[in-house]
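> What follows is a protein structure lacking sequence information:
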């Protein structure tokens, strides 16, 4: 189930409670960074395990697993997903079931108490940083030689820079992320394209054109608010932020923006580019083109306005489009509307989109290195999460049972449905079989990713290929002491940014006070924070040069 788009590294700085835990947690293995001799931990391991091999333990194995339970497809112990693992891989998973709504908090409590399962799922790159200094999680980079499929994909897809971004101060990384072959943009703006067509208005290619489209819609429909957004504006500010050369909304994360020309980090929300961004959105609100409630209303309220015809534009991902249409068939009547995602507009910085090819992945409890079956565990994880066959299994299930395959084209079994791909199916791939769930199915080839896309979404993805991906920022591996300082500073900084972003855009604060706002950020520690980030970056760069 989709939530926010893929999150970048350094996300930990927005999780101050977790970072504090990472510095003080007791009872964890403080020696987790000491690499072990894996030749003595081979119970159940395959003697030969290479790219293309299917893992099957040579003895029955059981691993504990932290499972994020989604209400839309709740956990079932007899899912085919688990029974096939037991029969084909000789592996049984013993899950600790946690509701998805409480997952991050429960994960922190389990780790701090020393009771975390061996495999800790649904961890976004950056979230692991809170646990590094306590020794609670395994430095997985020490053991990727046991993972041929992971290494192969990193090399083949040229993911070295993204993986380097996971590096901590000790030169190691502690999370195994989902790996995508290509950048996967999904969130954008959805338009009532029937209204655009009726008024003879072309879809916008830039943010300036977007404003012009809203003006034309407002002129033709003066009683309608053209743009009333959901996600509290975080999605649209995120996608616009990249095109304006800054970070905002969901993209704010740690606040840092890398200046390629100067080879240093700045605090994005204190720059000229950020002023241009809020000035632009202020113009939308002040002209009556964008609903000021976009930044405070519930998603349900925004959706109701869009699906009832009270607005014509809203943020969306591919799944949202399906739900919008379902609601509009009831409110407006089938055939009385048309809705489609548009490509992300370009802006002053260019036709640029943000994002990452790294998705949520897993951490490993540091204690796994002491198990006799440690090598087998790493082989199993490598097959399930990083091999082509393992990723297809996690997404589509069992060939001949849940799907059929002709060449590279996959088709659901006649009685199985998944997100409308086979509406006649009476069973659901996730709910009844456990496949395509958020704990296991992430990352993979573009072919696998797009194998469940409809023709409309495939066309959107093709159109988005003309965009330029924002350059991957270099690592900022803070020391433990600097991370603590940075976290303490960033929390009030982000709060001030969010409050004033809303005020500037909605007109509660005059844009002429932007310089005063920047001084307020400085008083809250902005310069110190940026100094710490550049110190960490330059130290890492220097150490990297020494190793060459």
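Received, thanks. Predicted model, so just to flag it, every value in this text is computed and none were measured.
> got a list of contacts for stretch 444-462?
For stretch 444-462, the external contacting residues (C-beta atoms under 8 Å, 6 or more residues apart in numbering) are 178-182, 184-185, 188, 318, 321, 340-341, 343, 388, 391-392, 395-396, 408, 410, 418-421, 436. (Each C-beta comes from the backbone N, C-alpha and C, glycine too.)
> Which ones among those map onto helices?
318, 321, 388, 391, 392, 395, 396 (DSSP state H).
> Drop anything exposed from the contacts of stretch 444-462.
Applying a neighbour-count criterion of 16 or more other C-beta atoms under 10 Å, the buried members of the contacts of stretch 444-462 are 178-181, 184-185, 188, 318, 321, 340-341, 343, 388, 391-392, 395-396, 410, 418, 421, 436.
> Show me what counts as buried in the longest helix belonging to the chain.
Counting by DSSP H, the longest helix found in the chain is helix 480-506. Buried residues in helix 480-506, counted by 16+ other C-beta under 10 Å: 482-484, 486-487, 489-491, 493-494, 496-498, 500-506.
> Quick one: the strands in the stretch 101-250 of the chain, in order.
Counting by DSSP state E, counting those that start in this stretch, the stretch 101-250 of the chain has strands at residues 119-123, 176-179, 188-192.
> Quick one: list the elements packing against the shortest one.
In other words, strand 176-179. If you count contacts as 3 or more C-beta pairs under 8 Å, 6 or more residues apart in numbering; DSSP states H and E, strand 176-179 packs onto helix 148-156, strand 358-364, helix 374-386.
> what lines up beside it in the sheet?
strand 358-364 (antiparallel) (DSSP bridges).
> and which of the ones in helices among the contacts of stretch 444-462 is nearest residue 464?
Minimum distance to residue 464 across those is 11.7 Å, recorded for residue 318 (C-beta to C-beta).
> for the helices and strands packed on strand 176-179, which one sits closest to residue 77?
Here helix 374-386 is closest among those (C-beta to C-beta), at 18.0 Å.
> Just list what the closest one packs against, helices and strands only.
strand 61-69, helix 148-156, strand 176-179, strand 358-364, helix 388-396.
> Please pull up the helix or strand immediately following the last one.
Read it as helix 388-396. Moving toward the C-terminus from helix 388-396, the next helix or strand (DSSP states H and E) is strand 403-406.
> Now that following strand: buried residues?
Buried residues in strand 403-406 (16+ other C-beta under 10 Å): residue 403.
> weakest of the helices and strands packed on strand 176-179 by average pLDDT?
Lowest mean pLDDT within the helices and strands packed on strand 176-179: strand 358-364, a mean of 94.
> and that strand with strand 61-69, angle?
Counting by axes from the mean of the first three to the mean of the last three C-alpha atoms, to 10 degrees, strand 358-364 lies at 130 degrees to strand 61-69.
> Could you double-check that residue 287 sits in contact with residue 217?
No. The criterion here is C-beta atoms under 8 Å, and residue 287 misses it with residue 217 at 11.6 Å.
> The residue lying closest to residue 404 once chain neighbours are set aside and residue 253, how far apart?
Nearest residue to residue 404 in three dimensions, chain neighbours excluded: residue 411, at 5.2 Å (C-beta to C-beta, 6 or more residues apart in numbering). Distance, residue 411 to residue 253, by C-beta to C-beta, to the nearest Å: 39 Å.
> Looking at these two, which is more packed in?
Higher neighbour count among residue 411 and residue 253: residue 253, with 21 against 14, using other C-beta atoms under 10 Å.
> Turn the helices and strands packed on strand 176-179 into JSON lines, columns for mean neighbour count and distance to residue 281.
Formatted as JSON lines, the helices and strands packed on strand 176-179 follow (neighbours: other C-beta atoms under 10 Å; distance: least, C-beta to C-beta, whole Å):
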{"stretch": "helix 148-156", "mean neighbour count": "18", "distance to residue 281": "38"}
{"stretch": "strand 358-364", "mean neighbour count": "24", "distance to residue 281": "29"}
{"stretch": "helix 374-386", "mean neighbour count": "25", "distance to residue 281": "39"}
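> Point out where this protein drops to low pLDDT.
1-34, 548 (pLDDT under 70).
> go again using 50 as the cut-off
For the chain, applying pLDDT under 50 flags the ranges 1-3, 7-33.
> Quick check: bridge partners of the spatially closest residue to residue 190 that is not a sequence neighbour?
Distances taken as C-beta to C-beta, 6+ apart put residue 316 closest to residue 190, at 3.8 Å, once the chain neighbours are dropped. Beta bridges link residue 316 to residue 188, judged by DSSP bridges.
> mind listing what residue 316 touches?
187, 188, 189, 190, 324, 341.
> quick one: contacts for the fifth one?
Right, residue 324. With C-beta under 8 Å, 6+ apart, residue 324 has these contacts: 190, 303, 306, 307, 314, 316, 339.
> Against residue 313, how distant is it?
12 Å.
> Please enumerate the shared neighbours of these two.
Common neighbours of residue 324 and residue 313 are listed as 190, 306 (criterion: C-beta under 8 Å, 6+ apart).
> Tell me who's in contact with residue 293.
Contacts of residue 293 by C-beta under 8 Å, 6+ apart are 228, 301.
> how about residue 265, secondary structure?
strand (DSSP: H, G, I helix; E, B strand; the rest coil).
> just checking, it touches residue 535?
No. In this structure, residue 265 is not within contact of residue 535 by C-beta under 8 Å, at 10.1 Å.
> So for the two, which sits in the more crowded spot?
Neighbour tally, residue 265 and residue 535, criterion other C-beta under 10 Å: the higher count belongs to residue 265, 24 against 14.
> partners of that one in the sheet?
Residues in beta-bridge contact with residue 265 (DSSP bridges): residue 258.
> before we move on, the earlier item: residue 53: which of the ones in helices among the contacts of stretch 444-462 is nearest?
residue 388 (11.4 Å).
> For residue 164, grab the count of nearby residues.
16.
> Hmm, residue 149 is touching residue 387, no?
Yes. Between residue 149 and residue 387 there is a contact under C-beta under 8 Å: 4.3 Å.
> Overlap of the contact sets of those two?
In contact with both residue 149 and residue 387: residue 51, using C-beta under 8 Å, 6+ apart.
> Quick one: residues contacting residue 416.
Taking C-beta under 8 Å, 6+ apart as the test, what residue 416 contacts is 402, 403, 422, 425, 427, 428, 429, 432, 433.
> 6 Å instead, please
By C-beta atoms under 6 Å, 6 or more residues apart in numbering, residue 416 lies in contact with 402, 425, 427, 429.
> And the residues you listed, which of them are buried?
402, 425, 429.
> Among those, which one sits closest to residue 207?
Once C-beta to C-beta is applied, the member of those that ends up nearest residue 207 is residue 429, at 38.2 Å.
> measure the closest one to residue 78 for me?
Distance from residue 429 to residue 78, by C-beta to C-beta: 15 Å.
> for residue 396, same thing?
Taken as C-beta to C-beta, the span from residue 396 to residue 78 is 19 Å.
> now residue 347
51 Å.
> who's more crowded, the two?
residue 347 (24 against 8).
> so which strand or helix has residue 98?
Judged by DSSP H and E, residue 98 forms part of strand 91-99.
> Can you list the neighbours in contact with that strand?
57, 61-67, 69, 75, 85-86, 106, 117, 380.
> For those residues, which PyMOL command selects only the ones that are buried?
Those of the contacts of strand 91-99 that count as buried under 16+ other C-beta under 10 Å are selected in PyMOL with:
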select buried, resi 57+61+63+64+65+66+67+69+75+85+106+117+380
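> among the contacts of strand 91-99, which two are most distant?
Across those (C-beta to C-beta), the longest gap, 28.7 Å, separates 57 and 106.
> returning to that earlier point: compare residue 287 and residue 217 (neighbour count), which wins?
residue 217 (24 against 13).
> OK, contacts around the residue nearest to the more buried one when sequence neighbours are not counted?
Excluding its sequence neighbours, the residue lying closest to residue 217 (C-beta to C-beta, 6+ apart) is residue 226, at 4.2 Å. If a contact means C-beta under 6 Å, 6+ apart, then residue 226 has 214, 217, 218, 289, 312, 313 as its contacts.
> Fine, thanks again, bye for now.
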